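S.K.: Quick one, structure for this:
(one chain, ligands or ions: 1)
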Amino acid sequence: MRKPIEEKTDKIRQRLSDLLNEGPMLPGSIKKQWNVCGMPGCRCKDPNDPRKHGPYFQLSFTLAGKSTSMFVKEEEFALMMVMTERYRRFKALSLLLVHRLPPAQ
Ligand SMILES: [Zn+2]
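M.R.: Purely as a prediction, here's the structure:
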C-alpha cells in the first residue's frame, strides 16, 4: 500500500514534468520603464508636458548569487513574460516538493 506522502509528491512531480515540457524558462522579472535622457530641450524634459522615452523592457534576475539585468526587445516581451512566469511556477512547485518530502530518519 502506498503512503499518502508519495501520492502527494507524485502529483507534484507530474506537474513539474508537464511544466518542463511546456518549454524554456527564464528567471527574474521584466519591468516596463520610461527613461529621461540628457539632451537639453528634449521632450522628456519639457517643463509643461514631459514625455519620457520608452517603454523599455528590462529583465532583472539573480542566478547563482549574481544579479544581472538586460534589455528585452519589445517583440520578445510577450514570450519572455511566459518564460519568467513558467520559472516562477517551477520554483513554487519545487518548493512544494521539498516541503512534502519526509524528514531524514
Ligand atoms: Zn529625452
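
S.K.: When you work out contacts or count neighbours from here on, use the C-alpha atoms and nothing else.
M.R.: Will do.

S.K.: Name every strand pairing with the longest strand along the chain and say which way it goes.
M.R.: Secondary structure of the chain per DSSP state E: the longest strand is strand 53-63. Sheet pairing of strand 53-63 (DSSP bridges) gives strand 29-35 (antiparallel), strand 66-72 (antiparallel).

S.K.: Residue 63: how many residues sit nearby?
M.R.: Residue 63 has 10 neighbouring residues, counting by other CA atoms under 10 Å.

S.K.: show me what contacts the closest residue to it other than its chain neighbours?
M.R.: For residue 63, ignoring the flanking residues on the chain, the nearest one in space by CA to CA, 6 or more residues apart in numbering is residue 27 at 7.6 Å. By CA atoms under 8 Å, 6 or more residues apart in numbering, the contact set of residue 27 is 61-63, 83-84, 87-88.

S.K.: roughly how far apart are residue 6 and residue 19?
M.R.: Distance, residue 6 to residue 19, by CA to CA, to the nearest Å: 20 Å.

S.K.: distance of the residue nearest to residue 52 when sequence neighbours are not counted from residue 35?
M.R.: Among residues not flanking residue 52 along the chain, residue 44 sits closest, at 4.4 Å (CA to CA, 6+ apart). Separation of residue 44 from residue 35 (CA to CA): 8 Å.

S.K.: Name the residue in those two with the higher neighbour count.
M.R.: residue 44 (18 against 12).

S.K.: which SS class is that one?
M.R.: The three-state label given to residue 44 by DSSP: H, G, I helix; E, B strand; the rest coil is helix.

S.K.: and the longest helix along the chain, what other elements does it pack with?
M.R.: Counting residues, the longest helix in the chain under DSSP state H turns out to be helix 77-100. Using 3 or more CA pairs under 8 Å, 6 or more residues apart in numbering; DSSP states H and E as the contact test, the elements touching helix 77-100 are helix 4-22, strand 29-35.

S.K.: from memory the residue nearest to residue 52 sits against residue 53, does it?
M.R.: Yes. Judged on CA atoms under 8 Å, residue 44 makes contact with residue 53 at a distance of 6.6 Å.
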